[in-house]
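K.L.:
following is a predicted model, sequence given first.
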Amino acid sequence: MATTATDPQQTGRCGTPMPRPLPEGLTASFPPEPVRVGQIRRLATEQLAFWNIERCAGVVALVASEMVTNALHHGGGHDIVFALWYFRESGEVRIDVADGSSERPVVLSPDGERESGRGMVLVDALTDRWSISPDGTNMQATVAVESCAA
């Protein structure tokens, strides 16, 4: 898994304009392998500790792992690009996942009989907002630091 600490371009992966000043960030690109879910969870947790916002680690790591799991199952075998951004000025953490597939995620009604299908329910419940790029290949979710338990 290749990871780099970086600043984003003028716009994020979903075409959303980046506010000024630019956020701090980390990106990783990797093949669609199940072992990557746990690695991303640990990477997100470590990065949030580096940014001194450990209180958001549980929520952000869970959302990141659900988004990567969704990309693994529905991405069509394309490499996955993961990015984690910290917008200090606005107090937000944003998770970006790109899987190259135009299949759009769907929030399903929870069903006790189904073994899967709860990932987007969790993403929807735990984030302040989430969106999909117009072509469906990129998803982003935002968590306000102030909403994380102290």
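P.N.:
Now that the structure is in, tell me what you want to look at.
K.L.:
contacts, neighbours, all on C-alpha from now
P.N.:
Fine.
K.L.:
and Trp130, which of the three is it?
P.N.:
strand (DSSP: H, G, I helix; E, B strand; the rest coil).
K.L.:
hmm, it is touching Gln140, no?
P.N.:
Yes: using Cα atoms under 8 Å, Trp130 is in contact with Gln140, at 5.5 Å.
K.L.:
quick one, which of the two is more surrounded?
P.N.:
Gln140 (23 against 17; other Cα atoms under 10 Å).
K.L.:
that one bridge partners, please.
P.N.:
Per DSSP bridges, the residues bridged to Gln140 are Asp96, Ser131.
K.L.:
which ones are touching it?
P.N.:
The neighbourhood of Gln140, defined by Cα atoms under 8 Å, 6 or more residues apart in numbering, consists of 14, 94-97, 130-132.
K.L.:
go ahead and confirm Ala98 touches Phe82.
P.N.:
Yes: with contacts counted by Cα under 8 Å, Ala98 reaches Phe82, the gap being 6.6 Å.
K.L.:
nearest residue to Arg104 in space, please, no chain neighbours.
P.N.:
Counting by Cα to Cα, 6 or more residues apart in numbering, Arg104 lies nearest to Gly136, which is 5.3 Å off, once chain neighbours are set aside.
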